[in-house]
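# dropping a prediction and its sequence here:
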Amino acid sequence: MAGNIRLLPLGLSALLILTIPAQADTQAAQYTLRYKFQPGQRVRWKVVHRSNVRTPVSDPTKVAETLSESVKVWRVTSVRPDGTATFAHLVENVDMRQKLTGRKEVRYNSLTDKKPPHGFETVAKSIGVPLSIVTMDARGKILDRQRRPEQAALDQDGQMTIPLPEKPVPVGHTWTLPYEIAVRLPTGGIKKIKTQQTFTLTGVKTGIATIGVATQILTPVHDPAIEAQLIQRESNGTVRFDIDAGRIIHQRMDVDKRVVGFRGKASSLHYLTRFTEELLPTPAKTARHAKTNSPETDKR
C-alpha cells in the first residue's frame, strides 16, 4: 500500500501549511464591555464643562461664557450578582463662573465661598448631598432613579453614562441608542424630535477601549428656532473605557455649530462647548476613618 501513496509537490504542501493559520488570524477578537462596581466604592470623576454662546442678533454681538469644574461621585451601596448596582450620585465640590456681555463675571466656588452669589443658592445647597439614588445595570441602563425636586440643579434628567453593547463585540462594531428630545415651538407647543446616539468601538489597546460617540437627528428639521435648541443636546466625541475595571476613565465631547435665522433673518447663533470627564484616583482612608472602621472599634 505504501507504493500507492502519492506525495504533494513541496510548493503546494507548504502553501497549505501557511494557509491554515492565516485563516485563523482573520477571526477578530471580541470584547465584553460591562460596568463593574463593588459595595462601598466611591468612584470619582473631575468634570469640566465650558461653553461660549454668541448671538449677534444686533450689534454688538452678545456673548455668554460659562465654565463649570466639579467632582462627581458615585457612592455604591449594593451590587447584585448580575452586576446591577445601586449608588448615590452626588457632587463633592464645584467651581462655577458665568460672564455675560456688559456684566461683571459671577463666580461661585463651594470650597472657598461661605455664601453663594445670587442665582447660585440652589447649587450651593446641592453640594455634598445625594442628588439621586440610582439603580443601573451592567450595560449602563437606568432601571430606577429617585431624586428630590430641590436637587434638580446638578442632577439633570437623561443619560448618566454611555450604554454598552449586549454581546461581545469586535473593533469596528457600532451600536445605537434611540431617544427623543422635546423642543418648544414658537407657538408655545411642544414637539418631539427623534434622535439617536451612535457608538463605535474604534480600538482596544492595553485593556483600554476607545469608543467614538456621535449624535444623529432623525426627524427632518427646517426651523432654525428648533435647530438652536437641538445643538445644545448633541454629543460628539470620544470615550476611553477600562475593560478590566469596568468604568469610564476619560471622555471628551465637543459641539461647534452655527444656526442662522433662529430669531428673524438677521439673527444667528454660534454654540461652542466642550465637556470632559476624567477618573480620579481613589482617596486613601484617613487615620480617623480607619480607626472608626477597625474591628476594635466595632466591638465597643
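Perfect, thanks for sending it.
# the strands in the stretch 151-300 of the chain, which residues?
Along the stretch 151-300 of the chain, the stretches classed as strands by DSSP state E, counting those that start in this stretch are 174-184, 190-205, 208-217, 237-242, 247-260, 268-279.
# ok, which of those comes nearest Asn52?
Among the strands of the stretch 151-300 of the chain, the nearest to Asn52 by C-beta to C-beta is strand 268-279 (4.5 Å). All C-beta atoms are positioned from the backbone trio N, CA, C, and that covers glycine.
# and the angle for the closest one with strand 237-242?
10 degrees (axes from the mean of the first three to the mean of the last three C-alpha atoms, to 10 degrees).
# what residues of strand 268-279 count as buried?
For strand 268-279, a neighbour-count test (16 or more other C-beta atoms under 10 Å) marks 268-271, 273, 275-277, 279 as buried.
# pLDDT on it, on average?
For strand 268-279, mean pLDDT is 93.
# show me where the stretch 1-150 of the chain has helices.
Applying DSSP state H, counting those that start in this stretch to the stretch 1-150 of the chain gives helices spanning 10-25, 121-126.
# what's near enough to touch the closest residue to Ala124 other than its chain neighbours?
Nearest residue to Ala124, sequence neighbours excluded (C-beta to C-beta, 6 or more residues apart in numbering): Pro116, at 4.0 Å. For Pro116, the contact set (C-beta atoms under 8 Å, 6 or more residues apart in numbering) comprises 108, 123-124.
# please apply the same query to Gly119.
Val106.
# ok, it to Ser110 distance?
Noted for Gly119: a distance of 14 Å to Ser110, by C-beta to C-beta, to the nearest Å.
# repeat for Ala214
34 Å.
# so these two - more neighbours on which side?
Taking other C-beta atoms under 10 Å, Ala214 and Ser110 do not tie; Ser110 has more neighbours (21 against 15).
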